[in-house]
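Participant: Give me a model of this one.
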Amino acid sequence: SSGMASPTPIVAAAPDITVEAVDTNVGPDHGHPSDPVIWSGQLFFSAKDGFACSGNIPGEVTGDELGEYGRELFTAGINTGPILVKDINRQVSGNCDGVGQFLEDFAAGMNGALIFRARPLGARDTGFEPWRTQGTDPSTEIVADIWLNSGNSNPYGMATVLGGSHVAFSAGHSFWGQEPWITDGTQGGTHNAGNIAPDADSSNPYYFTALNANQFVFVAEDGDAGDYELYVSDGTNATLVKDVHPVPYRSSDIQMLTTFVGQDKAVFYAYDDTAGREPWVTDGTPAGTFRLADINSGTGSSNTDDTGDNAGFVQVGAQMFFSADDGTTGRELWVTDGTSAGTRLVTEIVAGSGGGYFAQAAAFQNQLWFAAPGIGLWYSDGTAGGTAPLVEGIFSGGLRYLTTVGDLLYFTSSGRLWVSDGTVS
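Facilitator: Below is the predicted model:
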């Protein structure tokens, strides 16, 4: 609450943390692992193993016999080392990668399986298609060959939707083009979730985002006006929610579409000619989709980018924090409860137009904890009185990767791992 005592700094370089290198490519060469994906308490990543793809291996010697593979799906844990989940692409020369380099962009968990993109190549080549796994070789298999035979449906943008029972994604088809698809992890439960663009034209959907247990929203173009707008689907059909920027061939440039958990809503940034780029909210209906506030009054935009200098939307309880620039105070910390009346500036962290926006943030102990650039580690409960620095002046390299693990907040600064318990002395 805003009346709580200021926490005594209890911050230290993280002690006694078990760190173990996971060496998928034994020897001096790199395995080039992807960012990790967590499903059902397991850590998954893609990585390379050995030289089986170099073309220098005799054709009769397989990757399995050598214990070497291309880029494949791995899992790992403390004291277990890397474990190959499955050698999906069994070729030993040329392109023998079974999964892509950026697994984090092509995978999402659901009840019962992790859904990801893979391609076997060789005699059983199906192209890039959706696969499923429970972390074992027998459970790892293709979900559906959407673009039959060796054609690539190229699934991407995987997101958990419909209460965790399905994964939504974009996929290509010879009849429908690139459109929204959905799967429950079975071939029979994998189907088109709406043919938005006519005939074989593509709507190229992205930003699949859960709205509630029965609907999800995403961004797509109708193939006619050429502009990207907000759509909603129940998994069987998709409809336009609202043309935020109703000008032909002009997109509303929707960014950072984020589920507002517990509210049956999603928040996002969007542009129109009236107010520039501002925060919006949607409940999946035209009437429930509106601009939360014209923070930078007039045609100026309160948010101008989606780069690493912007933490986007971060939910803490029933509040959604974000950064915005009203044209006077610079980019500062704002909060919304999903209504226009409940959208407001929390406090001006840096006086003047310089701004004290947060670029790295995490929900921790029912508060927002964030890195104010050039200042230090701050916390906020959404009120001016409850927003203050925990510690300042000791992080010369800035703060990054704020991550909550149990009762501790971890982050890095100047190449060192730090930890805070955030408690009052």
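Participant: average pLDDT for stretch 336-351?
Facilitator: Stretch 336-351 comes out with an average pLDDT of 93.
Participant: just stretch 99-116 next, same as before
Facilitator: Average pLDDT, stretch 99-116: 92.
Participant: Show me which parts of that stretch are buried, residue by residue.
Facilitator: For stretch 99-116, a neighbour-count test (16 or more other Cβ atoms under 10 Å) marks 99-100, 103-104, 106-110, 113-116 as buried. Where you see a C-beta, it was placed from the backbone N, CA and C, and this is true even at glycine.
Participant: List the contacts of that stretch.
Facilitator: With contacts defined as Cβ atoms under 8 Å, 6 or more residues apart in numbering, stretch 99-116 is touched by 32, 34-40, 44-46, 71-73, 88, 117-119, 130-135, 139, 143, 155-160, 164-167, 169, 183-185.
Participant: picking up where we left off before, among the buried residues of stretch 99-116, which lie within helices?
Facilitator: Per DSSP state H, helices hold no members of the buried residues of stretch 99-116.
Participant: Could you work out the most separated pair of those residues?
Facilitator: G100 and M110 (19.5 Å; Cβ to Cβ).
Participant: on that earlier part again, of the buried residues of stretch 99-116, closest to F290?
Facilitator: Closest to F290, out of all of the buried residues of stretch 99-116 and judged by Cβ to Cβ, is A108, at 28.8 Å.
Participant: That closest one pairs with what?
Facilitator: With DSSP bridges applied, A108 shows beta-bridge pairing to I115.
Participant: Would you mind checking the contacts of stretch 99-116 for buried ones?
Facilitator: The buried subset of the contacts of stretch 99-116 - by 16+ other Cβ under 10 Å - is 34, 36-37, 39, 44-46, 71-73, 88, 117-119, 130-133, 135, 143, 155-160, 165-167, 169, 183-185.
Participant: For S297, which non-adjacent residue is closest in space?
Facilitator: Nearest non-adjacent residue to S297, counting by Cβ to Cβ, 6 or more residues apart in numbering: G327, 7.1 Å away.
Participant: now do A107
Facilitator: F116 is the one closest to A107 (Cβ to Cβ, 6+ apart), at 3.8 Å.
Participant: nearest residue to D283 other than its sequence neighbours?
Facilitator: The nearest residue in space to D283 (Cβ to Cβ, 6+ apart) is K265, at 5.1 Å.
Participant: if I read this right, that neighbour contacts T282, doesn't it?
Facilitator: Yes - judged on Cβ atoms under 8 Å, K265 makes contact with T282 at a distance of 6.4 Å.
Participant: So between the two, which is more surrounded?
Facilitator: T282 (26 against 21; other Cβ atoms under 10 Å).
Participant: contacting residues for the residue nearest to that one when sequence neighbours are not counted?
Facilitator: Take T282 and drop its neighbours on the chain: the residue closest to it by Cβ to Cβ, 6+ apart is T289, 4.0 Å away. Contact criterion Cβ under 8 Å, 6+ apart gives L230, V241, K242, V244, W280, V281, T282, D283 as the residues in contact with T289.
Participant: same thing but 6 Å
Facilitator: T289 sits next to V241, K242, T282 when contact means Cβ atoms under 6 Å, 6 or more residues apart in numbering.
Participant: So what pairs up with E179 in the strands?
Facilitator: A171.
Participant: related to what we said a few turns ago, confidence-wise, which of the contacts of T289 comes last?
Facilitator: K242 (93).
Participant: May I have the beta-bridge partners of it?
Facilitator: Residues in beta-bridge contact with K242 (DSSP bridges): L230.
Participant: need the contact list for it.
Facilitator: L230, P286, T289.
Participant: Dump these to JSON lines, plus pLDDT.
Facilitator: Converted to JSON lines, these look like this (pLDDT from 0 to 100):
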{"residue": "L230", "pLDDT": "95"}
{"residue": "P286", "pLDDT": "97"}
{"residue": "T289", "pLDDT": "97"}
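Participant: Make a markdown table from the residues you listed and add distance to L368 to it.
Facilitator: Conversion of the contacts of K242 to a markdown table gives the following (distance: Cβ to Cβ, whole Å):
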| residue | distance to L368 |
| --- | --- |
| L230 | 26 |
| P286 | 31 |
| T289 | 25 |
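Participant: Tell me the one among these nearest to G81.
Facilitator: Closest to G81, out of all of the contacts of K242 and judged by Cβ to Cβ, is L230, at 44.8 Å.
Participant: could you point out which element follows the helix or strand of the chain with the lowest mean pLDDT?
Facilitator: Every helix and strand of the chain was ranked by mean pLDDT, DSSP states H and E. The lowest is helix 63-66, at a mean of 38. Going down the chain from helix 63-66, the next helix or strand is strand 69-77, by DSSP states H and E.
Participant: Tell me which strands that next one pairs with, and in which orientation.
Facilitator: Sheet pairing of strand 69-77 (DSSP bridges) gives strand 42-49 (antiparallel), strand 81-86 (antiparallel).
Participant: any weak-confidence spans in the stretch 51-200 of the chain?
Facilitator: 51-69, 78, 92-95, 121-124, 150 (pLDDT under 70).
Participant: do that again at 90, thanks
Facilitator: Within the stretch 51-200 of the chain, the ranges that satisfy pLDDT under 90 run 51-72, 74, 76-84, 87-105, 119-127, 148-152, 174-176, 194-195, 197-200.
Participant: which residue ranges form the strands in it?
Facilitator: 69-77, 81-86, 107-110, 113-118, 129-133, 141-142, 156-161, 166-173, 177-183, 191-192 (DSSP state E, counting those that start in this stretch).
Participant: hmm, back to that, so which of the strands paired with strand 69-77 is the most packed in?
Facilitator: Compared across the strands paired with strand 69-77, strand 42-49 shows the largest average neighbour count, a mean of 22 (mean count of other Cβ atoms under 10 Å).
Participant: just the angle between that one and strand 113-118, please?
Facilitator: Inter-element angle recorded for strand 42-49 and strand 113-118: 20 degrees (by axes from the mean of the first three to the mean of the last three Cα atoms, to 10 degrees).
Participant: now the strands for the stretch 201-350 of the chain?
Facilitator: 206-210, 216-221, 228-233, 238-242, 255-260, 265-272, 276-282, 290-291, 314-316, 319-325, 331-336, 344-347.
Participant: now those as CSV including distance to F370?
Facilitator: As requested, these are exported to CSV (distance: least, Cβ to Cβ, whole Å):
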stretch, distance to F370
strand 206-210, 22
strand 216-221, 26
strand 228-233, 28
strand 238-242, 31
strand 255-260, 16
strand 265-272, 17
strand 276-282, 17
strand 290-291, 25
strand 314-316, 8
strand 319-325, 8
strand 331-336, 8
strand 344-347, 11
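Participant: out of those, which comes closest to A197?
Facilitator: It's strand 216-221; of the strands of the stretch 201-350 of the chain, that one is closest to A197 (Cβ to Cβ) at 7.0 Å.
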